[in-house]
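1. Generate coordinates for the sequence data below:
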Amino acid sequence: MKTLFIPAKSKLKLDKSLTNNLSKKLPQNIAIAYSIQYKSQAEELNKILKPVASTQVLGCSQPKFPKNTKAILLISDGKFHATSLAMETKLPTYILENNKLSKISSKDIEVLRKKQKAAYVKFLNSKEVGIIISTKPGQQRLKRAMEFKKKLKSKHSYLFICNNINTSEFENFGLDSWVNTACPRLDMNDARVVNIDNIK
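-> As a prediction, the model looks like this:
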């Protein structure tokens with residue numbers, strides 16, 4: 001069966017008074033990131049801000065920015081991508097949502113760090129763990145999951161392979177901890193999930 005990827009487009013019209021003052025409110029050498037539905041708005045801002053880079057973000061992507069990037073402006077909905085970008089890049093990260101500009105705070109990042117730490121401690125104390133594997137292109141890391149299972153001799157581990165990961169289904173298996181080899185941001189939604197990259 002052939003899969004078609006058809007991007008949806010946001011009908012949001014950028015507020016001219018906001019866009020005209022953005023350069024005064026944002027640091028220089030800023031990079032623009034955007035969800036695919038805001039591509040046209042990002043292109044409009046590219047002409048105004050002249051960013052050092054402009055890139056699309058996906059739920060599972062970890063974009064790279066030039067070394068001279070001093071801050072990131074994300075055009076999207078919600079803090080999901082913005083908080084993870086701020087933590088991963090350690091750069092000041094702003095989000096433009098419905099013509100409102102805000103900045104990801106240190107508190108936002110600290111909440112995520114605490115959640116990740118709690119998930120890691122839960123993993124260390126669990127005798128049985130589930131290992132999540134996605135079949136989606138770009139997220140499929142079956143080989144790495146198998147290697148991890150082989151090395152994990154101190155715990156009973158089980159492989160779970162699926163296309164769409166629904167964390168509410170975890171309740172059906174009685175496991176306290178889940179190791180994620182799929183989307184690296186899955187841990188933001190569930191305190192039982194620890195990313196494989198965060199396991200020493």
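2. C-alpha from now on. contacts and neighbour counts both.
-> Noted.
3. Tell me which helix or strand comes right after the host helix or strand of Asn21.
-> Secondary structure assignment for Asn21, by DSSP states H and E: helix 16-25. Later in the chain than helix 16-25, the nearest helix or strand by DSSP H and E is strand 30-34.
4. Could you list the buried residues of that next one?
-> Ile30, Ala31, Ile32, Ala33, Tyr34 (16 or more other C-alpha atoms under 10 Å).
5. Correct me if wrong: the first one contacts Pro66.
-> Spelled out, it's Ile30. No: using C-alpha atoms under 8 Å as the test, Ile30 is too far from Pro66 to be in contact (9.9 Å).
6. and the angle for the helix holding Asn21 with strand 30-34?
-> For helix 16-25 against strand 30-34, the angle by axes from the mean of the first three to the mean of the last three C-alpha atoms, to 10 degrees is 140 degrees.
7. For stretch 52-64, list every residue counted as buried.
-> Judged by neighbour count using 16+ other C-alpha under 10 Å, the buried positions of stretch 52-64 are Val52, Ala53, Ser54, Thr55, Gln56, Val57, Gln62.
8. Give me the nearest residue to the fourth one, chain neighbours excluded.
-> With sequence-adjacent residues excluded and distances taken as C-alpha to C-alpha, 6 or more residues apart in numbering, Thr55 is closest to Ala33, at 4.9 Å.
9. gap between the one you found and Asn99?
-> As judged by C-alpha to C-alpha, to the nearest Å, Ala33 and Asn99 stand 15 Å apart.
10. what's the answer for Ser23, then?
-> 15 Å.
11. just Gln37 next, same as before
-> Gln37 is 15 Å from Asn99, by C-alpha to C-alpha.
12. again, but for Lys153
-> Using C-alpha to C-alpha, Lys153 is found at 52 Å from Asn99.
13. Looking at those two, which one has more neighbours?
-> Taking neighbours as other C-alpha atoms under 10 Å, Lys153 and Asn99 compare with Asn99 leading, 16 against 9.
14. Counting neighbours, which bits of stretch 124-139 end up buried?
-> Those would be Ser126, Glu128, Val129, Gly130, Ile131, Ile132, Ile133, Ser134, Gln139, for stretch 124-139 by 16+ other C-alpha under 10 Å.
15. What residues sit buried inside stretch 83-103?
-> Buried residues in stretch 83-103 (16+ other C-alpha under 10 Å): 83-87, 89, 92-96, 99, 101, 103.
16. so which of those comes closest to Leu159?
-> Using C-alpha to C-alpha, Ser84 comes nearest to Leu159 of the buried residues of stretch 83-103, at 26.4 Å.
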